[in-house]
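Asker: coords below, sequence missing:
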């Protein structure tokens, strides 16, 4: 655990964050306040240093992959919530959120397939699943 009371890479052991985060200014946010401003800041300042050893299936332009954005946003939101639990929050986040999502994201057949840290993003890969419109009335409007 870092001296900031937040779990994850110790800021003294990694390069300076690219963003103006609470970690960079040594300010611990109040309960209920966000530690990172957004998913991009979370990925850059927290996940990237922690997962540098598994970068073979990573896309440096991860934000161009809809599934990648959705999963990384979910990871960030779960981290923001669970970081406030000093007892088991880190373990719950790692086991129930981080490990499953990162296994998919970094899989050789995952959303970043074809991309890699050295060559970067590969355009033209992202396609939609083919879907046909269901028969009208088959699904109720549940709003």
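Answerer: Yes, it's here. Keep in mind it's a predicted model, so treat the numbers as computed, not measured.
Asker: In the protein, what helix or strand scores lowest on average pLDDT?
Answerer: Counting by mean pLDDT, DSSP states H and E, the chain has its least confident helix or strand at helix 48-50, which shows a mean of 89.
Asker: After the helix or strand harbouring residue 69, heading C-terminal, what element do we hit next?
Answerer: For residue 69, the element it lies in under DSSP states H and E is helix 66-82. Per DSSP H and E, the first helix or strand lying C-terminal to helix 66-82 is helix 89-93.
Asker: So for that next one, what gets flagged as buried?
Answerer: Buried residues in helix 89-93, counted by 16 or more other Cβ atoms under 10 Å: 89-90, 93. To be clear about C-beta, it is placed using only N, CA and C from the backbone, and glycine gets the same treatment.
Asker: what about that helix, distance to the chain center?
Answerer: 15 Å (Cα atoms, centre = their mean, to the nearest Å).
Asker: Run through the residues that contact the residue most central in space within the chain.
Answerer: In the chain, the residue lying closest to the centroid (Cα atoms, centre = their mean) is residue 72, at 2.7 Å. With contact taken as Cβ atoms under 8 Å, 6 or more residues apart in numbering, residue 72 is in contact with 39, 42-43, 47, 62, 101, 105.
Asker: quick one: which two of those are the most distant?
Answerer: The most widely separated members of the contacts of residue 72, counting by Cβ to Cβ, are 42 and 105 (13.5 Å).
Asker: so where's this protein uncertain?
Answerer: 1-27, 54-55, 124-128 (pLDDT under 70).
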